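A.B. asks: Return a 3D structure for these sequence lines:
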Amino acid sequence: MYDLWLIVAIVVMFIGALGTFLPVIPGIPLIFLAMVGYGFSEGFVTMTPLFLLVNLLIVIVAVAIDYLGTAWGAKRFGASSSGAWGAVIGGVVGLLVLGPLGIVAGPFLGAVIGELMKGRSIDFAIEAGIGTMIGLVGATVVRLFIAFGMIVAFIWRIW
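C.D. replies: As a prediction, the model looks like this:
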């Protein structure tokens with residue numbers, strides 16, 4: 001039974017790693033849930049509460065990076081706070097309304113709308129939207145490194 005739980009945990013972690021690219025799958029939280037599930041299966045001997053707590057904190061930071069990276073990209077390309085907040089709100093609303101497409105389109109449109117509401121030109125608003133997309137790509141790369149780091153820590157811990 002122990003081997004079955006290990007295989008399930010690794011498969012779920014692989015799906016979680018895919019989720020760092022695919023917005024439909026909550027990648028890093030899924031990797032963490034695989035760790036917790038494996039911990040239950042082995043009585044939290046290898047997956048100690050401290051190890052899981054550290055990884056939970058990493059998950060919280062990774063989720064924050066998702067939203068903050070997008071806002072940072074917008075600000076880096078000159079967006080006002082209206083554009084940065086628009087990018088964050090657009091990401092959430094976009095996901096809820098448009099599904100996976102909303103993760104990409106939502107922040108872009110949110111930044112553009114935020115800048116237009118601030119009275120900026122359409123050219124400036126689009127530049128802020130492009131900056132948002134660059135921030136989103138950067139956040140994705142960071143998430144990927146975090147996901148693989150968590151998986152390596154898990155493997156290191158069990159072997």
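A.B. asks: Okay, now the unreliable bits of this protein?
C.D. replies: Applying pLDDT under 70 to the chain flags residues 1, 23-24, 70.
A.B. asks: Contacts only, for the spatially closest residue to residue 101 that is not a sequence neighbour.
C.D. replies: Nearest residue to residue 101, sequence neighbours excluded (Cβ to Cβ, 6 or more residues apart in numbering): residue 94, at 7.6 Å. For glycine as for every other residue, the C-beta is placed from the backbone atoms N, C-alpha and C. Applying Cβ atoms under 8 Å, 6 or more residues apart in numbering to residue 94 gives the contacts 101-107, 109-110.
A.B. asks: can you pull the buried residues of the strand or helix carrying residue 94?
C.D. replies: Using DSSP states H and E, residue 94 maps to helix 81-98. Buried residues in helix 81-98, counted by 16 or more other Cβ atoms under 10 Å: 82-91, 93-95.
A.B. asks: What of stretch 148-159?
C.D. replies: Applying 16+ other Cβ under 10 Å to stretch 148-159 flags 150-151, 153-154 as buried.
A.B. asks: Stretch 13-23 now?
C.D. replies: For stretch 13-23, the neighbour count (16+ other Cβ under 10 Å) marks 13, 16-17, 19-20, 23 as buried.
A.B. asks: ok, the residue nearest to residue 101 to residue 103 distance?
C.D. replies: Between residue 94 and residue 103 the distance, using Cβ to Cβ, to the nearest Å, works out to 6 Å.
A.B. asks: likewise residue 74?
C.D. replies: For residue 74, the distance to residue 103 - Cβ to Cβ - is 15 Å.
A.B. asks: of those two, who's got more company?
C.D. replies: Between residue 74 and residue 103, counted using other Cβ atoms under 10 Å, the more crowded position is residue 74 (37 against 21).
A.B. asks: The helix or strand hosting the more buried one versus helix 81-98: what angle between them?
C.D. replies: Per DSSP H and E, residue 74 falls inside helix 49-76. Between helix 49-76 and helix 81-98, the angle comes out at 120 degrees (axes from the mean of the first three to the mean of the last three Cα atoms, to 10 degrees).
A.B. asks: related to what we said a few turns ago, show me the contacts of residue 94 that map onto helices.
C.D. replies: 101-107, 109-110 (DSSP state H).
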